[in-house]
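1. Build me a model from this:
(4 chains)
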There are 2 protein chains.
Amino acid sequence: MSLEQFPEQGSGLSEKRVRSRARRRGQLIAATIDSINRIGFAETTLASVARIAGVSQASVLFHFKTKDALLVATLRHLAEEYQAAWKTALAKAPADSIERICTLAAADFEPALVERKKIAVWQALWAEAKSRPTYMRICGERDAERSAVMVAACADALRAVGRGGESAEDCAAAIDSLSDGLWQRLLADYRSFTRRDALRIVFSQLKANFPEYADQIDAAARPRRTRVTKGSKSG
Amino acid sequence: MSLEQFPEQGSGLSEKRVRSRARRRGQLIAATIDSINRIGFAETTLASVARIAGVSQASVLFHFKTKDALLVATLRHLAEEYQAAWKTALAKAPADSIERICTLAAADFEPALVERKKIAVWQALWAEAKSRPTYMRICGERDAERSAVMVAACADALRAVGRGGESAEDCAAAIDSLSDGLWQRLLADYRSFTRRDALRIVFSQLKANFPEYADQIDAAARPRRTRVTKGSKSG
DNA sequence: GTCTATACGGTGATAGAC
DNA sequence: GTCTATCACCGTATAGAC
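-> Below you'll find the predicted structure:
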């Protein structure tokens, strides 16, 4: 989950140089997130990002050739973080299908992911995605892979309790759409609606959909020990 | 559900004049929706709206003093349309609590509301709302009233089946958040995901949450005769 | 009411010194 | 790499003719 790779210019740079570069880019992406969070996507300019990062406008453009490239890098960063979160969680989860469903559902609300400013940026970029093919592509890839895993887990779980005739797609769509809606609410009602509220609702809906697994779902809901361990990069 | 009222300058204008004005404003709001739908919120300018509406930029500013006023009017228009839709639906629904829940849940997906371009505008304006107090207020009012009705209906329904101990707030939040998420998906997967898919999933979740009312929910799901009758203005 | 013309500030991007 | 200075352009908004 390193911040950025540079496939464009991978060679000829000392490792130190590369890391320094990556750090700067990370700072600028963070500043972009801050800016969108504070003043919104439409109002975010190179000037606002530069000011928050404490550098000059030209410096931003030195690291990202264009404003658009900066925004795309920001979106990609969030998408990668999201993907890493659920993949890591899934890797640690038992192989049982209902456990996998619970794990995937809960992973959406890991503390690092539901930071208010990040949700704000997701919403903003996602809203713009419709008219920006590049954004759409990045977001689409994010969802496709996860969605496939969720559908498969739902199909398994349904089959295991003799409900193989029901639509696993619909089941997965219900769970995932609920997550999306709860994210939205986390952004809107951030004072009165918390991550714990969201998790409680998610698990209540899992139980409603899979009453046969009620005990297991309760058990999965209890260890609120959602260790994120995000820093661990392979290398 | 008339397009616009003019509380600011209500007097001294002939009725004809007032209506002509309202029509123009309606056209400009429609053009704004088109623009946001096509090129996104950030790229929408007075020029783009004027071009779509087929008038000059100055003409837009004659009817809406500022660009911001135009955007606020657009958001307000959508919010009023939304509110009118669920209120009308609710007025025609039986008084039974589960019927009211079904009606409210289904009202979110009336054909007039789930036009792709309208969802696109909702998403865009909602994403900006965080950094625009005025938007937030308009959206907040929209949700507060409806949410209260939904919570009350859930509380009734739960009590009626001896589950009064469960949280009606959570129940309502689950239903409403699902709707929000499904709206998002209607926008993203508009080719493969339709209004009917959304309705099917909503009703499946209602049944999962209220298995005691399965028959009634099925019955409510069947009459897909969602007449909108939107034109009827009280006069 | 609608237009054309225009003022004026801010925006993304470049040039070139350090 | 980072800065200041600068460019061309485009955004909102206004003025004034018709």
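
2. How much space separates residue A:20 from residue B:174?
-> Distance of residue A:20 to residue B:174, given as Cβ to Cβ, to the nearest Å: 47 Å. C-betas here are computed from N, CA, C, even on glycine.

3. nope, residue A:173 is what I meant
-> Applying Cβ to Cβ, the value for residue A:173 to residue B:174 is 15 Å.

4. which SSE is the most centrally placed residue in chain A in?
-> Nearest to the mean C-alpha position of chain A, by Cα atoms, centre = their mean, lies residue A:82 at 2.8 Å. Using DSSP states H and E, residue A:82 falls within helix A:67-92.

5. Beyond that helix, next helix or strand please.
-> helix A:97-107.

6. is the helix or strand just after that following helix up against chain B anywhere?
-> Moving toward the C-terminus from helix A:97-107, the next helix or strand (DSSP H and E) is helix A:116-129. Yes. Applying Cβ under 8 Å from any Cβ of the partner chain, one finds helix A:116-129 touching chain B at A:120, A:123, A:124, A:126, A:127, A:128, A:129.

7. who touches the fourth one in this structure?
-> By that I understand residue A:126. Contacts here follow Cβ atoms under 8 Å, 6 or more residues apart in numbering or on different chains; on that basis residue A:126 touches A:135, A:139, B:123, B:127, B:184.

8. Kindly report the same for the first one.
-> By Cβ under 8 Å, 6+ apart, residue A:120 lies in contact with A:36, A:37, A:187, B:127, B:130.

9. what's the spacing between residue A:57 and DNA strand D?
-> Distance, residue A:57 to DNA strand D, by Cβ to the nearest atom of the strand, to the nearest Å: 6 Å.

10. hang on, the earlier thing: quick check: PyMOL command selecting the buried ones in the contacts of residue A:126.
-> Listed next is the PyMOL selection for buried residues among the contacts of residue A:126, using 16 or more other Cβ atoms under 10 Å in any protein chain shown:
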select buried, (chain A and resi 135+139) or (chain B and resi 123+127+184)
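
11. Could you list the buried residues of the longest helix seen in chain A?
-> Assignment by DSSP state H gives helix A:133-160 as the longest helix of chain A. For helix A:133-160, a neighbour-count test (16+ other Cβ under 10 Å) marks A:135, A:138-139, A:142-143, A:146, A:149-151, A:153-158 as buried.

12. Enumerate the residues of chain A near DNA strand C.
-> Those residues of chain A that sit near DNA strand C, judged by Cβ under 7 Å from any atom of the strand, are A:43, A:45, A:46, A:47, A:57, A:58, A:61, A:65, A:66, A:67, A:68.

13. Generate a ChimeraX selection restricted to the buried entries among these.
-> Here is the ChimeraX selection string for the buried members of the residues of chain A next to DNA strand C, based on 16+ other Cβ under 10 Å:
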select /A:46,67
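
14. okay if I get the residues of chain A next to DNA strand C as TSV plus pLDDT?
-> TSV is the format used below for the residues of chain A next to DNA strand C (pLDDT from 0 to 100):
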residue	pLDDT
A:43	98
A:45	98
A:46	98
A:47	98
A:57	98
A:58	98
A:61	98
A:65	98
A:66	98
A:67	98
A:68	98
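
15. Adding secondary structure, write the residues of chain A next to DNA strand C out as TSV.
-> Shown next, in TSV, are the residues of chain A next to DNA strand C (DSSP: H, G, I helix; E, B strand; the rest coil):
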residue	secondary structure
A:43	coil
A:45	coil
A:46	helix
A:47	helix
A:57	helix
A:58	helix
A:61	helix
A:65	coil
A:66	coil
A:67	helix
A:68	helix
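
16. Tell me the one of the residues of chain A next to DNA strand C nearest DNA strand D?
-> Of all the residues of chain A next to DNA strand C, residue A:58 has the smallest distance to DNA strand D: 3.2 Å, by Cβ to the nearest atom of the strand.

17. Taking helix B:133-160 as reference, get the angle to whichever helix or strand residue A:174 is part of.
-> Residue A:174 is part of helix A:168-188 when elements are defined by DSSP H and E. In terms of direction (axes from the mean of the first three to the mean of the last three Cα atoms, to 10 degrees), helix A:168-188 departs from helix B:133-160 by 130 degrees.

18. what angle sits between helix A:168-188 and helix A:116-129?
-> Using the same axes, to 10 degrees: helix A:168-188 against helix A:116-129 is 120 degrees.

19. tell me what helix A:168-188 is packed against?
-> If you count contacts as 3 or more Cβ pairs under 8 Å, 6 or more residues apart in numbering or on different chains; DSSP states H and E, helix A:168-188 packs onto helix A:97-107, helix A:116-129, helix A:133-160, helix A:195-209, helix B:133-160, helix B:168-188, helix B:195-209.
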